[in-house]
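[1] Got a sequence here, can you model it:
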Amino acid sequence: MTPVDPHLPLFVGLMSGTSADGIDAALVQFPEDGGCRFIHGHTHPWERPTRELLIALGQGGEPASLDALGQLDAAVGLAFAAAANQLLAEAGLDRTRVRAIGSHGQTIRHRPLADPAFTWQIGDASRIAELTGITTVADFRRRDVAAGGHGAPLMPAFHLAMLGSTGEDRAVLNLGGIANLSLIARDGSIRGFDTGPANALLDGWCQRHLDCPYDADGAFAARGRVDEVLLAKLRAEPWFALPPPKSTGREQFHLQWVEAHFADTPPVPADVQATLLELTAATVADALLAHLPDVRQVLVCGGGVRNPRLLQRLQARLPDVRVGSSAGHGLDPDYMEAMGFAWLAQQTLAGRPGNLPSVSGARGPRILGAIHPA
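    Numbering: from 1, shown residues only. All right, here's what the predicted structure looks like:
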């Protein structure tokens, strides 16, 4: 654990992404001269029934009733509060030293192209504030959507604040359930967007066929061969050709979407896993070369950074680019998004915008989130 600077406030960030593979909790400080001081991290597991409900809803499923949805919202809030409390217990810190919690919540619907557009994250922030005794900032995405944006991705603003102008074209790649890019040009300008599926499909296929939560080290994919016919069908999905700004989720990319492209004879399961991994590498590389062709470095974060097979395939498709973990620049790859929501909470409390119109497509900068006092 990194020592705490007694002169700086503490912030907690809470994040559960599209994969719903756990609640990431990060305890951080933000030095006045820039950067992020990562103090401690904790990943809080979901109870299996709750996770199954969240994944089903994220893929377009319907809640059993309004009562069931209300109870799930409360349960997710309780789980987020438990993650924050466990983080602080492990760090051995007095919670009164924490200025605020930034909670992303759990996305159950993301429809930026609907009329009217909407995005919906559950996880009762009032319960988080009540059970932690810490001011909680939540519901970050909906203000950007109300301003005409996609509400996603939100991390490019954080990446820009942490990395700034570098003198080279550089990208930050988050390999979560969905893959997304932050493209930082050498002049400091930035764009960002989702590129398509990543761990959501890989994990789902692995769970179905191996009853494992994820493909450890990409071993399942390494046993198979890429089905080039299936890969071509998947890459022909019209969403991939949409220009930014764009965002997506499980409601777009799920196993039923994959299976709809199978031939009459289903492929060998390991071949499907290899093909899904190649789909992620290909669509990331396609998007990167189309929108930042002179890129020299890709900093990878999210669960996919632990999949060496995926990183190898990405490097093979980007032979002239340095591909490596964001850890080399002091940004923990496992807790990058949690750190980002801690930063967004700081932005909100300071009255500063948290979105980037060049990324989300919003009509202008907006202060994001709702504040729930301790």
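[2] So which elements touch whichever strand or helix holds Leu288?
    Leu288 belongs to helix 269-291 when assigned by DSSP states H and E. Under the contact criterion of 3 or more CB pairs under 8 Å, 6 or more residues apart in numbering; DSSP states H and E, helix 269-291 touches strand 170-175, strand 178-184, strand 190-197, helix 199-210, helix 219-222, helix 228-235, helix 308-317. The C-beta positions use only the backbone N, C-alpha and C, and glycine is treated the same way.
[3] Out of those, the one nearest Leu331 is which?
    strand 170-175 (8.3 Å; CB to CB).
[4] Restrict the closest one to CA atoms and write it as PDB.
    Presented in PDB, the C-alpha positions along strand 170-175 are these (Å, rounded to 0.1, in the frame of the first residue of the first chain):
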ATOM      1  CA  ARG A 170      -0.700   7.800 -27.900                       C
ATOM      2  CA  ALA A 171      -3.800   5.700 -27.100                       C
ATOM      3  CA  VAL A 172      -5.200   4.300 -23.900                       C
ATOM      4  CA  LEU A 173      -7.100   1.000 -24.500                       C
ATOM      5  CA  ASN A 174      -9.500  -0.200 -21.900                       C
ATOM      6  CA  LEU A 175     -10.200  -3.900 -22.300                       C
END
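[5] about what we covered before: for the helices and strands packed on helix 269-291, give me a markdown table that also has distance to Glu251 and mean neighbour count.
    Listed next are the helices and strands packed on helix 269-291 as a markdown table, based on distance: least, CB to CB, whole Å; neighbours: other CB atoms under 10 Å:
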| stretch | distance to Glu251 | mean neighbour count |
| --- | --- | --- |
| strand 170-175 | 19 | 26 |
| strand 178-184 | 11 | 26 |
| strand 190-197 | 12 | 24 |
| helix 199-210 | 11 | 22 |
| helix 219-222 | 24 | 20 |
| helix 228-235 | 17 | 16 |
| helix 308-317 | 23 | 19 |
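[6] As CSV, the ones you listed with distance to Phe30 and mean pLDDT would be great.
    What follows is the helices and strands packed on helix 269-291, written out as CSV (distance: least, CB to CB, whole Å; pLDDT from 0 to 100):
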stretch, distance to Phe30, mean pLDDT
strand 170-175, 18, 96
strand 178-184, 18, 96
strand 190-197, 19, 95
helix 199-210, 28, 95
helix 219-222, 38, 98
helix 228-235, 40, 97
helix 308-317, 29, 98
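[7] Reformat these as CSV; add distance to Leu14.
    Converted to CSV, the helices and strands packed on helix 269-291 look like this (distance: least, CB to CB, whole Å):
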stretch, distance to Leu14
strand 170-175, 16
strand 178-184, 19
strand 190-197, 21
helix 199-210, 19
helix 219-222, 30
helix 228-235, 33
helix 308-317, 26
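[8] For Thr2, which of those is the nearest?
    Among the helices and strands packed on helix 269-291, strand 170-175 comes nearest to Thr2, with 21.4 Å by CB to CB.
[9] The closest one - contacts with which helices or strands?
    helix 155-163, strand 178-184, helix 269-291, strand 297-301.
[10] Just want the angle from it to helix 269-291.
    Going by axes from the mean of the first three to the mean of the last three CA atoms, to 10 degrees, strand 170-175 is angled at 150 degrees with respect to helix 269-291.
[11] what does strand 170-175 contact?
    153, 155-156, 159, 163, 179-184, 198-199, 280, 284, 288, 292, 295-305, 307, 310, 326, 336-337 (CB atoms under 8 Å, 6 or more residues apart in numbering).
[12] any idea what sits nearest Gln256, other than its immediate chain neighbours?
    Computed as CB to CB, 6 or more residues apart in numbering, the closest residue to Gln256 that is not its neighbour in sequence is Gln59, at 7.8 Å.
[13] Sorry, slip of the keys, the one I care about is Leu88.
    That would be Arg95: by CB to CB, 6+ apart, it lies 5.4 Å from Leu88.
[14] try Arg97
    Of all residues not flanking Arg97 in the chain, Leu10 sits nearest, at 5.3 Å (CB to CB, 6+ apart).
[15] Can you name the residues bridging to the one you found?
    Here Leu10 sits in beta bridges with Val98, going by DSSP bridges.
[16] Test my guess that it contacts Thr96.
    No: contact criterion CB atoms under 8 Å: Leu10 and Thr96 do not qualify, at 9.9 Å.
[17] Neighbour count: those two, which is higher?
    Shown here are Leu10 and Thr96; by other CB atoms under 10 Å, Leu10 has more neighbours (24 against 9).
[18] buried residues in the helix holding Leu288?
    Buried residues in helix 269-291, defined by neighbour count with 16 or more other CB atoms under 10 Å: 269-288, 291.
[19] Could you do stretch 41-53 as well?
    Buried, per 16+ other CB under 10 Å, within stretch 41-53: Gly41, His42, Thr43, His44, Trp46, Thr50, Arg51, Leu53.
[20] lowest-pLDDT helix or strand in the chain?
    When each helix and strand of the chain is scored by mean pLDDT, DSSP states H and E, helix 48-58 comes last, with a mean of 91.
[21] between that helix and helix 199-210, how many degrees?
    Using the same axes, to 10 degrees: helix 48-58 against helix 199-210 is 130 degrees.
[22] residues making contact with helix 48-58?
    Contacts to helix 48-58, defined as CB under 8 Å, 6+ apart, come from residues 16, 18, 20-21, 46, 63, 72, 75-76, 79, 106-109, 204, 249-251.
[23] Sweet, I'm off.
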